[in-house]
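1. okay, here's the prediction I keep looking at, along with the sequence it came from:
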Amino acid sequence: MTSGRQTPALYLSRVERRYPQGEGFLEVLRGANLAIWPGEIVALVAPSGTGKSTLLHLAGLLERPNGGEVYVNGQPTADLSDAERTRLRREDLGFVYQFHHLLPEFSAVENVVMPQLIRGLPREEATRRAEQLLTFLGLGRRLDHRPGELSGGEQQRVAIARAVANAPRLLLADEPTGNLDPHTAGHVFDMLVAIVRASRLAALIATHNLELAGRMDRQVTIRDGQVMTLSPTHS
Ligand SMILES: Nc1ncnc2c1ncn2[C@@H]1O[C@H](COP(=O)(O)OP(=O)(O)OP(=O)(O)O)[C@@H](O)[C@H]1O
Ligand SMILES: [Mg+2]
């Protein structure tokens, strides 16, 4: 799927996901379609249990759909091996979890350096980039703090830095500000948007925060296992 010369950063085509439940199945996604274009920030707003995390896990190649296809930067992923999916995830995708999942025994800088080393960057270059990102996110004076020595909002900013450290094309975030107070949530969200805008990333961000959702380019929801647009694009 393309529009002009553009390829969507993410394209879900008739994606199905069901879980065994009793004698039958719980059908969470029933042929969901969604395209996200480079430079676009899309809010995923839907009630608890409707399938937001499920959809993000499929988009992030952490799970496989039962039907349909997930395209990342135009590349179909269903027939890829686990190793190929891991490589695509490492190179093209960044994931911010609701609870940051930082490595507790490593400093802020080391947490952001790690994915870059796995990608094969020299440590010096990885460290420079980590320090730049963390400084941009207002953590220049917390570089050597471990997660347990950081506030919730600071930890979440480290998680954002880690997710974008390898310059992904698509950022997926599952309620990245869900466990923060409204003021800190707004601040962390501003930082997230600044990073996305500065690097022309595409982003899909699940949130229960309608005020933050309203500041994104487009809002979508999940209804009856389908992705529906809540508002038209104003671009
Ligand atoms: N591994 C699983 N096995 C069985 N059912 C599951 C599994 N994972 C999720 N579900 C069910 O699928 C539905 C969608 O779950 P999901 O986590 O995607 O919801 P969500 O929209 O992210 O909700 P929340 O806003 O509470 O995070 C839920 O009803 C959940 O109980
Ligand atoms: Mg969820």
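-> The structure has been received and is ready for your questions. Ligands and ions are numbered 1, 2, ... in the order given.
2. for ligand 1, what are the nearby residues on the protein?
-> Residues of the chain found near ligand 1 (CB under 6 Å from any ligand atom) are Y19, L26, V28, A46, S48, G49, T50, G51, K52, S53, T54. Just so you know, the C-beta spots here come from the backbone N, C-alpha and C atoms, and that holds for glycine as well.
3. count the neighbours of the fifth one for me.
-> So that's S48. Neighbour count of S48, defined by other CB atoms under 10 Å: 7.
4. now do the SS call for it.
-> What DSSP: H, G, I helix; E, B strand; the rest coil gives for S48 is coil.
5. gap between it and I222?
-> 11 Å (CB to CB, to the nearest Å).
6. ok, now the second one?
-> Between L26 and I222 the computed distance is 14 Å (CB to CB).
7. can you turn the buried part of the residues of the chain next to ligand 1 into a PyMOL selection?
-> A single PyMOL command selects the buried members of the residues of the chain next to ligand 1 (16 or more other CB atoms under 10 Å):
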select buried, resi 28+46+50+51+52+53+54
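8. and the residues of the chain next to ligand 1 near ligand 2, which?
-> K52, S53 (CB under 5 Å from the ion).
9. farthest pair within the residues of the chain next to ligand 1?
-> Y19 and A46 (17.1 Å; CB to CB).
10. helices and strands of the chain: which one bottoms out on pLDDT?
-> In the chain, the helix or strand scored least confidently by mean pLDDT, DSSP states H and E is helix 182-198, which has a mean of 87.
11. the next helix or strand after that helix packs against which elements?
-> Later in the chain than helix 182-198, the nearest helix or strand by DSSP states H and E is strand 202-206. Under the contact criterion of 3 or more CB pairs under 8 Å, 6 or more residues apart in numbering; DSSP states H and E, strand 202-206 touches strand 24-36, strand 41-44, helix 52-59, strand 170-174, helix 182-198.
12. now render those as a markdown table, adding distance to R128.
-> As requested, the helices and strands packed on strand 202-206 are exported to a markdown table (distance: least, CB to CB, whole Å):
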| stretch | distance to R128 |
| --- | --- |
| strand 24-36 | 30 |
| strand 41-44 | 27 |
| helix 52-59 | 30 |
| strand 170-174 | 21 |
| helix 182-198 | 17 |
